[in-house]
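K.L.:
Quick check, what structure comes out for this input:
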Amino acid sequence: MDEFTKERRRLVAEALTLAAASTDWDPWANLALFNAACQHEDLTADDVWTFLMGRHRPPAEPKRMVHVMTGGAKAGWIVRTQNFHTARFPATHRHGGRAQRVWKSLIVGTAPAEWPKP
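P.N.:
A predicted model of the protein is given here:
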């Protein structure tokens, strides 16, 4: 196993530990981003939002999703592209349809982390 894979697994373990022990939203969002990036070659914040909603962890502060996405880029899970899609969910605006950045997964095909049991 190479060093990159070891570091990725360490980050997943850390995200799982934080998510299971926390009522805070951020660790859950980070775990959702990791899992969404494992399953989608291209993704947006809406994909992470959908993953959270499907696990009954709605975004506490949708406008913080940008920090989740940039954190995923710093962790080496995703990279930003020059592409944009129309948002499906509102965040900091009153009207839907804003431009939302498309991110490219660097970990697509990796086994998703198991979602902690409540």
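
K.L.:
Could you use CA atoms for every contact and neighbour count after this?
P.N.:
Noted.

K.L.:
I figured residue 98 hits residue 87, correct?
P.N.:
Yes - at 5.5 Å, residue 98 counts as touching residue 87 under the criterion of C-alpha atoms under 8 Å.

K.L.:
check which helix or strand covers residue 103.
P.N.:
Using DSSP states H and E, residue 103 sits within strand 99-105.

K.L.:
May I have the strands that pair with that strand, each with its orientation?
P.N.:
strand 42-43 (antiparallel), strand 78-86 (antiparallel) (DSSP bridges).

K.L.:
got the buried residues for that strand?
P.N.:
If you call a residue buried by 16 or more other C-alpha atoms under 10 Å, then strand 99-105 has these buried ones: 100, 101, 102, 103, 104, 105.

K.L.:
Return the closest of these with respect to residue 114.
P.N.:
Lowest distance from residue 114 to those (C-alpha to C-alpha) belongs to residue 105, with 18.6 Å.

K.L.:
Can you name the element that comes right after the helix or strand bottoming out on mean pLDDT in the chain?
P.N.:
Here the helix or strand of the chain ranked lowest by mean pLDDT, DSSP states H and E is helix 3-21, holding a mean of 63. For helix 3-21, the succeeding helix or strand toward the C-terminus, using DSSP H and E, is helix 25-39.
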